[in-house]
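Participant: Fold the following.
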Amino acid sequence: MEYQLIRSKRKTVAIEVKEDRIIIKCPYNCSKQYIDSLIDKNRVWIEETHRKVMGKKANKLTYKEGQNVYYMGVPYEIKIIKGIRNSLEFDGDKFKFTIMSSQFNNSEENEKVRVELMMAWFRKEGTEYLTKRTSDLAKQLGLTINKVYIKNVRTIWGSCSSKNNINYNIRLISMPKEVIDYVIIHELCHLVQRNHSEKFWGLVGEIIPDYKQRRSFLKNNSSKYCNW
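Facilitator: Numbering: from 1, shown residues only. Predicted structure coming up:
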(Lines give C-alpha, C1' and ligand atoms only; values in the text may rest on other atoms or scores of the structure.)
Protein backbone atom coordinates (compact mmCIF):
# COMPACT_ATOMS: atom_id res chain seq x y z
CA MET A 1 0.00 0.00 0.00
CA GLU A 2 1.58 3.29 -1.13
CA TYR A 3 1.87 6.21 1.23
CA GLN A 4 3.23 9.72 1.55
CA LEU A 5 5.76 10.16 4.35
CA ILE A 6 6.09 13.45 6.21
CA ARG A 7 8.92 13.65 8.75
CA SER A 8 9.08 16.36 11.39
CA LYS A 9 10.09 17.03 15.01
CA ARG A 10 6.93 15.32 16.27
CA LYS A 11 7.27 12.51 18.84
CA THR A 12 4.52 10.18 17.65
CA VAL A 13 3.34 8.58 14.41
CA ALA A 14 -0.01 9.53 12.88
CA ILE A 15 -1.86 7.88 9.99
CA GLU A 16 -4.17 10.04 7.88
CA VAL A 17 -6.36 8.46 5.20
CA LYS A 18 -7.24 10.59 2.18
CA GLU A 19 -9.23 9.81 -0.97
CA ASP A 20 -6.14 9.21 -3.10
CA ARG A 21 -3.39 8.44 -0.60
CA ILE A 22 -2.33 7.62 2.92
CA ILE A 23 -0.26 10.19 4.79
CA ILE A 24 2.15 9.05 7.49
CA LYS A 25 3.42 11.76 9.84
CA CYS A 26 6.37 10.60 11.91
CA PRO A 27 9.55 11.68 13.75
CA TYR A 28 12.78 12.12 11.81
CA ASN A 29 14.34 8.98 13.32
CA CYS A 30 11.43 6.67 12.43
CA SER A 31 12.63 3.79 10.20
CA LYS A 32 10.92 2.64 7.02
CA GLN A 33 10.74 -0.86 8.47
CA TYR A 34 8.75 0.42 11.43
CA ILE A 35 6.43 2.43 9.17
CA ASP A 36 5.77 -0.60 6.95
CA SER A 37 5.02 -2.79 9.99
CA LEU A 38 2.69 -0.12 11.40
CA ILE A 39 0.76 0.08 8.13
CA ASP A 40 0.51 -3.71 7.96
CA LYS A 41 -0.73 -3.84 11.55
CA ASN A 42 -3.39 -1.20 10.84
CA ARG A 43 -4.33 -2.41 7.35
CA VAL A 44 -7.92 -3.34 8.24
CA TRP A 45 -8.53 0.04 9.89
CA ILE A 46 -6.94 1.87 6.96
CA GLU A 47 -9.06 0.04 4.38
CA GLU A 48 -12.26 0.58 6.38
CA THR A 49 -11.47 4.26 6.86
CA HIS A 50 -10.76 4.64 3.13
CA ARG A 51 -14.15 3.10 2.30
CA LYS A 52 -15.83 5.61 4.61
CA VAL A 53 -13.89 8.50 3.03
CA MET A 54 -14.92 7.42 -0.47
CA GLY A 55 -18.50 6.92 0.69
CA LYS A 56 -18.63 10.49 1.96
CA LYS A 57 -17.29 11.68 -1.40
CA ALA A 58 -19.97 9.75 -3.29
CA ASN A 59 -22.73 11.17 -1.07
CA LYS A 60 -21.40 14.72 -0.98
CA LEU A 61 -24.00 17.35 -1.73
CA THR A 62 -23.34 19.39 -4.88
CA TYR A 63 -26.44 21.58 -4.49
CA LYS A 64 -28.03 20.52 -7.76
CA GLU A 65 -31.71 20.64 -8.64
CA GLY A 66 -33.58 17.71 -7.12
CA GLN A 67 -30.97 16.79 -4.49
CA ASN A 68 -32.02 16.57 -0.85
CA VAL A 69 -30.71 18.60 2.09
CA TYR A 70 -31.34 17.26 5.60
CA TYR A 71 -32.63 19.65 8.23
CA MET A 72 -33.52 18.30 11.69
CA GLY A 73 -33.29 14.81 10.24
CA VAL A 74 -35.82 15.43 7.45
CA PRO A 75 -34.81 15.53 3.75
CA TYR A 76 -35.93 18.59 1.77
CA GLU A 77 -35.54 18.90 -1.99
CA ILE A 78 -33.47 21.61 -3.65
CA LYS A 79 -35.14 23.87 -6.22
CA ILE A 80 -33.14 26.39 -8.28
CA ILE A 81 -34.60 29.32 -10.22
CA LYS A 82 -33.23 32.39 -12.00
CA GLY A 83 -33.90 35.82 -10.48
CA ILE A 84 -32.67 39.35 -9.93
CA ARG A 85 -30.71 38.63 -6.72
CA ASN A 86 -29.20 35.66 -4.92
CA SER A 87 -31.31 34.31 -2.08
CA LEU A 88 -32.40 31.14 -0.30
CA GLU A 89 -35.93 30.48 0.91
CA PHE A 90 -37.16 27.51 2.95
CA ASP A 91 -40.92 27.05 2.73
CA GLY A 92 -41.18 23.99 4.97
CA ASP A 93 -41.29 21.71 1.94
CA LYS A 94 -38.14 22.55 -0.06
CA PHE A 95 -35.08 24.79 -0.24
CA LYS A 96 -35.53 27.27 -3.09
CA PHE A 97 -32.37 28.95 -4.36
CA THR A 98 -32.74 32.08 -6.49
CA ILE A 99 -29.59 32.82 -8.52
CA MET A 100 -28.85 36.02 -10.44
CA SER A 101 -28.97 35.71 -14.22
CA SER A 102 -25.28 36.68 -14.56
CA GLN A 103 -24.24 33.67 -12.44
CA PHE A 104 -26.98 31.21 -13.29
CA ASN A 105 -25.27 29.60 -16.29
CA ASN A 106 -21.81 29.50 -14.70
CA SER A 107 -21.85 26.15 -12.89
CA GLU A 108 -18.81 26.92 -10.72
CA GLU A 109 -20.04 30.35 -9.63
CA ASN A 110 -23.58 29.04 -9.27
CA GLU A 111 -22.51 26.28 -6.89
CA LYS A 112 -20.28 28.64 -4.89
CA VAL A 113 -23.23 30.99 -4.36
CA ARG A 114 -25.52 28.13 -3.29
CA VAL A 115 -22.93 26.85 -0.81
CA GLU A 116 -22.55 30.31 0.75
CA LEU A 117 -26.32 30.79 0.94
CA MET A 118 -26.81 27.36 2.50
CA MET A 119 -24.06 27.87 5.09
CA ALA A 120 -25.47 31.27 6.07
CA TRP A 121 -28.98 29.83 6.42
CA PHE A 122 -27.84 26.88 8.51
CA ARG A 123 -25.68 29.13 10.70
CA LYS A 124 -28.65 31.41 11.43
CA GLU A 125 -31.17 28.63 12.02
CA GLY A 126 -28.65 26.45 13.83
CA THR A 127 -27.61 29.24 16.17
CA GLU A 128 -31.22 30.04 17.07
CA TYR A 129 -32.27 26.44 17.63
CA LEU A 130 -29.16 25.16 19.39
CA THR A 131 -28.91 28.20 21.65
CA LYS A 132 -32.54 27.92 22.79
CA ARG A 133 -32.49 24.13 23.10
CA THR A 134 -29.24 24.18 25.08
CA SER A 135 -30.60 26.87 27.39
CA ASP A 136 -33.87 24.97 27.92
CA LEU A 137 -32.14 21.67 28.70
CA ALA A 138 -29.60 23.37 30.97
CA LYS A 139 -32.45 24.92 33.01
CA GLN A 140 -34.20 21.55 33.27
CA LEU A 141 -30.96 20.05 34.65
CA GLY A 142 -30.21 22.99 36.94
CA LEU A 143 -27.04 23.89 35.07
CA THR A 144 -25.69 27.26 33.97
CA ILE A 145 -24.07 27.90 30.60
CA ASN A 146 -22.31 31.01 29.36
CA LYS A 147 -22.55 31.30 25.58
CA VAL A 148 -23.32 29.01 22.64
CA TYR A 149 -21.23 29.14 19.47
CA ILE A 150 -21.78 27.49 16.09
CA LYS A 151 -18.58 26.63 14.21
CA ASN A 152 -17.74 25.20 10.80
CA VAL A 153 -15.63 22.25 11.91
CA ARG A 154 -15.48 18.63 10.80
CA THR A 155 -13.65 16.78 13.54
CA ILE A 156 -16.03 17.16 16.50
CA TRP A 157 -19.77 17.59 17.09
CA GLY A 158 -19.50 19.68 20.21
CA SER A 159 -17.23 20.88 22.99
CA CYS A 160 -17.48 22.57 26.37
CA SER A 161 -14.90 25.17 27.44
CA SER A 162 -13.60 25.94 30.93
CA LYS A 163 -15.68 29.15 30.77
CA ASN A 164 -18.87 27.09 30.28
CA ASN A 165 -19.16 28.05 26.63
CA ILE A 166 -20.74 25.35 24.46
CA ASN A 167 -19.51 24.95 20.87
CA TYR A 168 -21.34 23.00 18.18
CA ASN A 169 -20.51 21.78 14.70
CA ILE A 170 -22.79 23.67 12.28
CA ARG A 171 -23.64 20.38 10.53
CA LEU A 172 -25.28 19.03 13.68
CA ILE A 173 -28.46 20.86 12.67
CA SER A 174 -28.93 18.30 9.87
CA MET A 175 -29.30 15.38 12.29
CA PRO A 176 -32.59 14.18 13.85
CA LYS A 177 -33.71 16.08 16.95
CA GLU A 178 -33.10 13.17 19.34
CA VAL A 179 -29.50 12.95 18.11
CA ILE A 180 -29.06 16.71 18.48
CA ASP A 181 -30.34 16.38 22.04
CA TYR A 182 -27.75 13.67 22.72
CA VAL A 183 -24.91 15.99 21.69
CA ILE A 184 -26.36 18.86 23.75
CA ILE A 185 -26.75 16.64 26.84
CA HIS A 186 -23.24 15.27 26.28
CA GLU A 187 -21.76 18.78 26.40
CA LEU A 188 -23.93 19.88 29.33
CA CYS A 189 -22.72 16.88 31.33
CA HIS A 190 -19.18 18.19 30.86
CA LEU A 191 -20.21 21.13 33.04
CA VAL A 192 -20.33 18.57 35.85
CA GLN A 193 -17.70 16.05 34.73
CA ARG A 194 -14.85 17.51 32.65
CA ASN A 195 -13.82 14.13 31.27
CA HIS A 196 -15.18 10.91 29.78
CA SER A 197 -14.99 8.86 32.96
CA GLU A 198 -17.52 6.27 34.13
CA LYS A 199 -19.14 8.99 36.24
CA PHE A 200 -19.56 11.14 33.11
CA TRP A 201 -21.23 8.37 31.07
CA GLY A 202 -23.31 7.41 34.10
CA LEU A 203 -24.61 10.98 34.25
CA VAL A 204 -25.40 10.97 30.53
CA GLY A 205 -27.19 7.63 30.96
CA GLU A 206 -29.36 8.96 33.76
CA ILE A 207 -30.65 11.72 31.49
CA ILE A 208 -30.92 9.75 28.24
CA PRO A 209 -30.86 5.98 28.91
CA ASP A 210 -30.59 5.19 25.17
CA TYR A 211 -27.57 7.46 24.61
CA LYS A 212 -25.52 4.56 23.17
CA GLN A 213 -28.03 4.10 20.35
CA ARG A 214 -28.09 7.83 19.65
CA ARG A 215 -24.29 8.01 19.69
CA SER A 216 -24.11 5.03 17.33
CA PHE A 217 -26.62 6.64 14.97
CA LEU A 218 -24.55 9.83 14.89
CA LYS A 219 -21.37 7.90 14.13
CA ASN A 220 -22.86 5.69 11.42
CA ASN A 221 -25.15 8.17 9.62
CA SER A 222 -23.29 11.48 9.61
CA SER A 223 -22.12 11.04 5.99
CA LYS A 224 -25.75 10.68 4.88
CA TYR A 225 -27.31 13.50 6.89
CA CYS A 226 -24.41 15.97 7.01
CA ASN A 227 -23.11 15.69 3.44
CA TRP A 228 -22.70 19.42 2.80
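Participant: so after the longest helix seen in the chain, what's the next helix or strand?
Facilitator: Longest helix of the chain, by residue count under DSSP state H: helix 107-141. Counting by DSSP states H and E, the element after helix 107-141 in chain order, helix or strand, is strand 148-151.
Participant: Now do the buried residues in the longest helix of the chain.
Facilitator: 110, 113-114, 117-118, 121-122, 125-127, 129-131, 134, 137-138 (16 or more other Cβ atoms under 10 Å). Every C-beta, even on glycine, is put in place using the N, C-alpha and C of the backbone.
Participant: Which of those sits closest to residue 206?
Facilitator: Taking Cβ to Cβ as the measure, residue 206 lies nearest residue 137 of those, at 13.6 Å.
Participant: so the closest one makes contact with residue 188?
Facilitator: Yes. Contact criterion Cβ atoms under 8 Å: residue 137 and residue 188 qualify, at 6.2 Å.
Participant: Looking at the buried residues of helix 107-141, which is nearest residue 87?
Facilitator: residue 117 (7.1 Å).
Participant: My read is that that closest one contacts residue 89, right?
Facilitator: No. Under the criterion of Cβ under 8 Å, residue 117 is not in contact with residue 89, lying 9.8 Å apart.
Participant: Contacts made by stretch 152-165 with the rest, please.
Facilitator: With Cβ atoms under 8 Å, 6 or more residues apart in numbering as the test, stretch 152-165 has contacts from 119, 144-149, 166-172, 183-184, 186-188, 190-191, 194, 218.
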